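**Student:** sequence and computational prediction follow.
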Amino acid sequence: MAKSSYLGIEIGNRRIKFAETKNEKLIRFAVEDLPDDMVRDGEILQWEAMADLIKEAIRKHGFTCKKGAIVVPDTIAYTRRTRMPAMSASQLETNLAYEFHDFISDDKDKYIYDYSMIGLIENDEGNVVEMDLLAVAVAKETMDKYLQMFKRAGLKLVMATPESRAIGNLCHRLFPEMAAGDFAILDLGSNATRVDIFSQGIYEVTRSIDTGCKSIANAIADAIGCDPHIAELNMHDNRDNVLSLEACQDLYGRIAIDVMRAINYYTFENRDNNLETMYYCGGGAGIKPLVEEIRSTIQLELIPLSVITGGIGGSEEALMNGPAAIGLCWNDEEKKRK
């Protein structure tokens, strides 16, 4: 039976990534810069303008698939791993909302809830007594806005997946050994640095660090007295060796220490972990002094995510800059529910 095609879209604070897949192969990938103040902390501020930008990018890059999929940023979705007593699907649908009572202070009926079944826990008699779940909650208002945005852009929204889950899908599909191992994903983003930790191949927790590449660009702008946009170009190209500025080196050290603290906290709380490897990606992956500072600080092997290129037919650029946009298109469980 023929497999479906999807246009996966990941909207960051500074860039939007597009990944078109067909028969579980990446056939086209593109990145577009976003204007200032269009997205803040993962929340879209100008929905109609974003829809028009997506429509223009589809035309510009020749995307043909009309079935769209969106990466829901973890900053606007609640994702948690939880255990619940064994119950029917209808009972689970009713009770899932109560698993988020510590996170959601608003009316629970204003949210959409979904889950992935990780496994079933049996007692000594072989009877299922608990369910191990990865649960997610997203505001209905937000999902309605995504639906309208995609419609305006000429797409049909058929799938939405949290960022951490989408990256997990990618890792499992391209590197099956990761499905049973402990590993971390380091996203060197613009506004923040994220550490996603996976236990036995399953998403466990995210640690966010407020300092990102934008802070480095701002430090360069202050040091050499230029516009922040020019500073960002200088940063990525290392013009005039700006990455060696003392202000930049201070930020490398601060980010590296915060990454180390995130890892140390997790390993202390989970003494039986086998976490030995961290894969890095994101816009800051090309800032070599930052990567090397992190590598020399943490007690994990630090590897670019692009090493797991097997079988997708894509480039290193796609894996380093848009892993979630690719991975969400391979969410088999989500597809079965549509």
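**Tutor:** That came through fine. Numbers count the residues shown, from 1 in each chain.
**Student:** does Ala19 sit in a helix, a strand or a coil?
**Tutor:** Following DSSP: H, G, I helix; E, B strand; the rest coil, Ala19 is assigned to strand.
**Student:** neighbours around it, how many?
**Tutor:** Residues contacting Ala19 under the criterion other C-beta atoms under 10 Å number 31. All C-beta spots, glycine's among them, are computed from the backbone N, C-alpha and C.
**Student:** so who does it touch?
**Tutor:** Contacts for Ala19 (C-beta atoms under 8 Å, 6 or more residues apart in numbering) come out as 7-10, 26, 28-29, 314, 318, 322, 325-326, 329.
**Student:** at 7 Å instead, please
**Tutor:** Listed by C-beta atoms under 7 Å, 6 or more residues apart in numbering, the contact set of Ala19 reads 8, 26, 29, 318, 322, 325-326, 329.
**Student:** grab the most central residue of this protein for me.
**Tutor:** The centroid of the chain falls nearest to Glu163 when counting by C-alpha atoms, centre = their mean (3.3 Å).
**Student:** need the phi and psi values for Ala219.
**Tutor:** When read as degrees, to the nearest 10, the backbone of Ala219 gives phi -70, psi -40.
**Student:** go on, Ile104?
**Tutor:** Ile104 adopts backbone torsions of phi -110, psi 120, taken as degrees, to the nearest 10.
**Student:** wait, doesn't it sit right on Lys110?
**Tutor:** No - contact criterion C-beta atoms under 7 Å: Ile104 and Lys110 do not qualify, at 8.5 Å.
**Student:** of those two, which one has the most company?
**Tutor:** Neighbours per residue, other C-beta under 10 Å: of Ile104 and Lys110, the larger number sits with Ile104, 15 against 12.
**Student:** which ones are touching the more buried one?
**Tutor:** Contacts of Ile104 by C-beta under 7 Å, 6+ apart are 78, 111, 137.
**Student:** what's the answer for Ser208, then?
**Tutor:** By C-beta under 7 Å, 6+ apart, the neighbours of Ser208 are 192, 194.
**Student:** and it, what helix or strand is that in?
**Tutor:** In this structure, Ser208 is located in strand 202-209 according to DSSP states H and E.
**Student:** partners of that strand, with directions?
**Tutor:** If you go by DSSP bridges, strand 202-209 pairs up with strand 193-199 (antiparallel).
**Student:** quick one: which of the contacts of Ala19 is nearest Asp187?
**Tutor:** For the contacts of Ala19, the residue nearest Asp187 by C-beta to C-beta is Gly322; the value is 11.2 Å.
**Student:** these two touch, right, the closest one and Leu26?
**Tutor:** No - using C-beta under 7 Å, Gly322 is not in contact with Leu26; the gap is 9.5 Å.
**Student:** the more surrounded of the two?
**Tutor:** Between Gly322 and Leu26, counted using other C-beta under 10 Å, Gly322 has the larger neighbour count: 28 against 21.
**Student:** so that one versus Ala160, what's the distance?
**Tutor:** Separation of Gly322 from Ala160 (C-beta to C-beta, to the nearest Å) stands at 16 Å.
**Student:** which residue of this structure sits farthest from its center?
**Tutor:** Glu125 (39.8 Å).
**Student:** surely that one forms part of a helix?
**Tutor:** No - per three-state DSSP, Glu125 lies outside any helix segment and is coil.
**Student:** pLDDT score assigned to it?
**Tutor:** What the model reports for Glu125 is a pLDDT of 89.
**Student:** got it, and Ile54?
**Tutor:** As predicted, Ile54 sits at a pLDDT of 98.
**Student:** next, the contact list for the closest residue to it other than its chain neighbours, please.
**Tutor:** Distances taken as C-beta to C-beta, 6 or more residues apart in numbering put Ala153 closest to Ile54, at 4.1 Å, once the chain neighbours are dropped. Listed by C-beta under 7 Å, 6+ apart, the contact set of Ala153 reads 51, 54-55, 58.
**Student:** thanks a lot, catch you later.
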